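# Sequence plus the predicted model coming up.
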Amino acid sequence: MALPEKEQILDFLKEVKDPEVPVVDVVELGVVRNVAIENGQVRIDITPTYSGCPAMKVMEQDILAVLKSRGIENVSIKTVFFPPWTTDWMSDETKQKLKAYGIAPPGKVAAQDLNPLHRQEKKVSCPFCDSEDTRLTSQFGSTACKALYNCNSCRQPFEHFKCI
């Protein structure tokens, strides 16, 4: 049996959802970096959103399961760390999915976002009412890639996907 083309494999991988944010898949999140097909072998390159991200193992298992369900069994997964993952790889459509799910999406990464010593608290719009009258309550939400905020207008707590 011939292996599907790269684009078809990427379509299959869109079935693999981020276990921590199940409204986005690993392709649109930017975790899947490359698909290579050589000598009957499929290699999937992935990059974690954070070093030590606990969801990566689940994503790997889900990638293998989805491909196996499509008859693709000779698969290897390679974790690549360079260039490091960035929220800038998310499309506007992906960010809108986060907002609709109740997570304030990241903006563009600025230089101060990369240096914790110079990080300034920025205005984050509430995903529920779009108010910028919000306040940071914790640098860490349910995962290291999100921070907790409260909206002073609608009183709703929410998470913000950090810019990295």
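That came through, no problem.
# Skipping its backbone neighbours, what lies nearest the residue positioned nearest the centre of the chain in space?
Centroid-nearest residue in the chain, with Cα atoms, centre = their mean: Leu29, separated by 3.8 Å. Nearest residue to Leu29, sequence neighbours excluded (Cβ to Cβ, 6 or more residues apart in numbering): Asp18, at 5.6 Å. No exception for glycine: its C-beta is placed from N, CA and C like everyone else's.
# and the one you found, what does it touch?
Residues near Asp18 by Cβ atoms under 8 Å, 6 or more residues apart in numbering: Val24, Asp25, Val26, Leu29, Val31, Ala55, Met59.
# so the residue nearest to the centre of the chain makes contact with Met90?
Yes: between Leu29 and Met90 there is a contact at 6.8 Å, judged by Cβ atoms under 8 Å.
# contacting residues around the residue nearest to the centre of the chain?
Here Leu29 is in contact with Asp18, Val21, Thr49, Trp89, Met90, Thr94 (Cβ under 8 Å, 6+ apart).
# By neighbours, which of those wins?
Among the contacts of Leu29, Thr49 has the most neighbours (other Cβ atoms under 10 Å), with 25 neighbours.
# Could you check how far it is from Cys163?
According to Cβ to Cβ, to the nearest Å, Thr49 stands 12 Å off from Cys163.
# Next secondary structure element downstream of the least confident helix or strand in the chain by mean pLDDT?
One helix or strand of the chain scores below all others by mean pLDDT, DSSP states H and E: helix 111-114, with a mean of 59. Next helix or strand after helix 111-114 toward the C-terminus (DSSP states H and E): strand 134-138.
# okay, the angle between whatever helix or strand comes next after that following strand and strand 134-138?
Reading on from strand 134-138 to the C-terminus, the next helix or strand found by DSSP H and E is strand 146-151. Here strand 146-151 runs at an angle of 140 degrees relative to strand 134-138 (axes from the mean of the first three to the mean of the last three Cα atoms, to 10 degrees).
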